[in-house]
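Whatever this is, show me its structure:
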Amino acid sequence: MKALKYFIIIAVVALFAACEDDVERELSPEQNPNSTNVYFSKDNVSNVVLPIESTSFEVIVSREVSASEQTVSLSAENVRSDLFTIPESVTFAAGEKQKSITVEVSEEIVLMESYHLAIVIDQEQTKPYTQQDVYPRIELTISKEDFAPYADGVYTSDFFGDSWDATLQYSPATDQYRFKDNWVSGYNYIFKVAEDGTITQVPETTETGYVDEDYGMISATAQAGSSFDSATNTYTFAIKWTVSAGSYGVYNDTFEITSKY
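Here you go, the predicted model:
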């Protein structure tokens with residue numbers, strides 16, 4: 001009886017395999033042999049941060065073959081058409097290998113909010129199956145802010161046992177202060193200061209960029225007692241340092257102003 005069951009199972013599997021072989025698979029698009037290999041330049045940044053007054057930004061498009069004048073179609077994906085306008089094409093002059101396109105930005109985008117869009121080059125003029133480190137598609141994250149330098153000083157972290165020169169920034173639109181790339185590049189520390197000097201961290205918990213080799217990302221959570229002392233021009237940040245496994249404890253960071261802008 002067991003032998004019969006196994007025979008039936010094998011027969012069913014073989015039947016399904018045969019059926020799959022009969023299904024027509026959609027062929028991958030053929031590569032255009034006359035493609036000029038148009039791509040997005042490595043000089044582009046994927047995280048676009050615009051000043052508050054900006055209404056546009058540039059994206060650089062390049063091509064490998066530049067003998068002739070050429071117009072190449074572009075398309076956009078994941079884009080708010082009411083906030084961003086992307087050109088439908090890019091035109092290269094004969095001999096021109098690189099060209100900038102302008103993405104128009106509406107004044108309606110919300111400060112400090114991030115938006116995503118992707119721009120795609122016409123596949124007819126790319127090399128989709130060639131191994132290379134340039135791409136016919138670019139993913140962009142766009143935000144607008146009005147942070148500007150407010151004061152220079154010395155930042156000291158008891159937890160990390162280190163001090164460094166830092167610039168404190170201020171945003172009039174949001175009434176927030178920021179240490180950009182405070183502990184690690186890409187990880188900011190943002191806070192508000194009340195009239196009585198009380199400091200509120202924004203958000204209450206933020207990732208620092210430091211990664212514990214056993215427990216992962218180290219996060220900083222605001223604690224009561226953070227304040228600004230106008231007499232000494234010193235900010236004190238009471239911070240609880242945590243990882244997935246628990247807390248390292250509460251330590252103070254400080255920033256002492258040495259000069260203002």
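
Setting aside sequence-adjacent positions, which residue approaches Gln201 most closely?
Distance criterion CB to CB, 6 or more residues apart in numbering; nearest residue to Gln201, sequence neighbours excluded, is Ala222 at 3.5 Å. In short, each C-beta sits where N, CA and C put it, glycine included.

what's the neighbour count on the one you found?
Per other CB atoms under 10 Å, the neighbour tally for Ala222 reads 19.

just Tyr210 next, same as before
Residues near Tyr210, counting by other CB under 10 Å: 16.

to the chain's geometric centre, what's the distance from stretch 51-66?
Its chain's average C-alpha position is 17 Å from that of stretch 51-66, according to CA atoms, centre = their mean, to the nearest Å.

no wait, stretch 149-165
Here stretch 149-165 is found 25 Å from its chain centre; the criterion is CA atoms, centre = their mean.

thinking again about what came up before, how about the contacts made by the residue nearest to Gln201?
Contact analysis of Ala222 by CB atoms under 8 Å, 6 or more residues apart in numbering lists 191, 199-201, 204-205, 237-240.

mind redoing it with 7 Å?
201, 204, 239 (CB atoms under 7 Å, 6 or more residues apart in numbering).

where's it relative to Ile239, distance?
For Ala222, the distance to Ile239 equals 7 Å [CB to CB, to the nearest Å].

that older thread, neighbour-wise, which one of the contacts of Ala222 leads?
Ile239 (26 neighbours).

on contacts alone, who are the packing partners of the strand or helix carrying that residue?
Ile239 is part of strand 234-243, with elements assigned from DSSP states H and E. The elements that strand 234-243 packs onto, with contact taken as 3 or more CB pairs under 7 Å, 6 or more residues apart in numbering; DSSP states H and E, are strand 216-222, strand 246-260.

That strand: partners in the sheet, and parallel or antiparallel?
With DSSP bridges as the test, strand 234-243 is paired with strand 216-222 (antiparallel), strand 227-229 (antiparallel), strand 246-260 (antiparallel).

want to throw those into TSV with distance to Ser62 and mean pLDDT?
As requested, the strands paired with strand 234-243 are arranged in TSV below (distance: least, CB to CB, whole Å; pLDDT from 0 to 100):
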stretch	distance to Ser62	mean pLDDT
strand 216-222	36	96
strand 227-229	49	97
strand 246-260	43	97
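
Start from the N-terminal end of the stretch 101-250 of the chain and give the strands.
Secondary structure of the stretch 101-250 of the chain, counting by DSSP state E, counting those that start in this stretch: strands at 115-121, 137-145, 148-157, 162-171, 176-179, 189-193, 199-202, 205-212, 216-222, 227-229, 234-243, 246-260.
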